[in-house]
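Enquirer: Generate a structure from the sequence data that follows.
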Amino acid sequence: AVAEQEQQALAQPGFKELGEAKELLDQGKRAEARAKLVAATVAVPDLYVAWHELGRLDYEDKKYADALASAEKCLVLKPGDTPCLAVALNAAKEGGNTEAYERYLAQYKMANPGDPGMMFNDAASYLNKGDDAAAKPILEKILESDPEHADALFQLGMVYLRGGENAKSKELLQKFLKVAPDHRDAPSTTEMLKYL
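Expert: Numbers count the residues shown, from 1 in each chain. Okay, here's the model as predicted:
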């Protein structure tokens, strides 16, 4: 009975097009999928998932203003939705809309205080100022929630190196190389480890 109810729900206008769009995306047919998503939003204007998908597609196609507009429609329908906030934040940044970027960055941070990417941005701002003491606890917290966060491993390894704790630095940098052997900092790290 539950499966039958799900089938009936998926056959409803809007949801039907959303399902078809997903199948088309799986086949790599982006233009056709986009048309189905537009049809889904026409059939059910408050279908926030379709607005998110439209925003995501437009962002990937570098249509940042369109991506931002779709993400904003999604956020009107579902305020604080993390995927929609991410599209809005990234589209505003890439599109050069500083005011919208700052607004969505603040909202995203409030909705996702433990997001490793957001925490890393905070740590990076301290590192750029040469404030290892302020960056260190943030980097450690990132690694608590994501032990394989490559940039945090590298930067914390460098913090320990600058602090004269070579053994701890070596341990983190070796893990960094295991986790991200193709990272832009991997070649210099390999050379550095020869001297630790």
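Enquirer: Next, count neighbours for Lys168.
Expert: 15 (other Cβ atoms under 10 Å). Backbone N, C-alpha and C define where each C-beta goes, glycine included.
Enquirer: Check which residues of the strand or helix carrying it are buried.
Expert: Using DSSP states H and E, Lys168 falls within helix 166-179. Using 16 or more other Cβ atoms under 10 Å as the test for burial, helix 166-179 gives 169-170, 172-177.
Enquirer: Report the next helix or strand after it in sequence order.
Expert: On the C-terminal side of helix 166-179, the closest following helix or strand by DSSP H and E is helix 186-193.
Enquirer: now the angle between helix 166-179 and that following helix, please.
Expert: Orientation check (axes from the mean of the first three to the mean of the last three Cα atoms, to 10 degrees): helix 186-193 against helix 166-179 gives 150 degrees.
Enquirer: what's helix 186-193 packed up against?
Expert: The helices and strands touching helix 186-193, judged by 3 or more Cβ pairs under 8 Å, 6 or more residues apart in numbering; DSSP states H and E, are helix 150-162, helix 166-179.
Enquirer: which parts of it are buried?
Expert: Of all the residues in helix 186-193, those buried under the rule 16+ other Cβ under 10 Å are 186, 189, 192.
Enquirer: picking up where we left off before, now render the buried residues of helix 166-179 as JSON lines, adding distance to Glu17.
Expert: Shown next, in JSON lines, are those (distance: Cβ to Cβ, whole Å):
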{"residue": "Ser169", "distance to Glu17": "54"}
{"residue": "Lys170", "distance to Glu17": "55"}
{"residue": "Leu172", "distance to Glu17": "49"}
{"residue": "Leu173", "distance to Glu17": "50"}
{"residue": "Gln174", "distance to Glu17": "50"}
{"residue": "Lys175", "distance to Glu17": "46"}
{"residue": "Phe176", "distance to Glu17": "45"}
{"residue": "Leu177", "distance to Glu17": "46"}
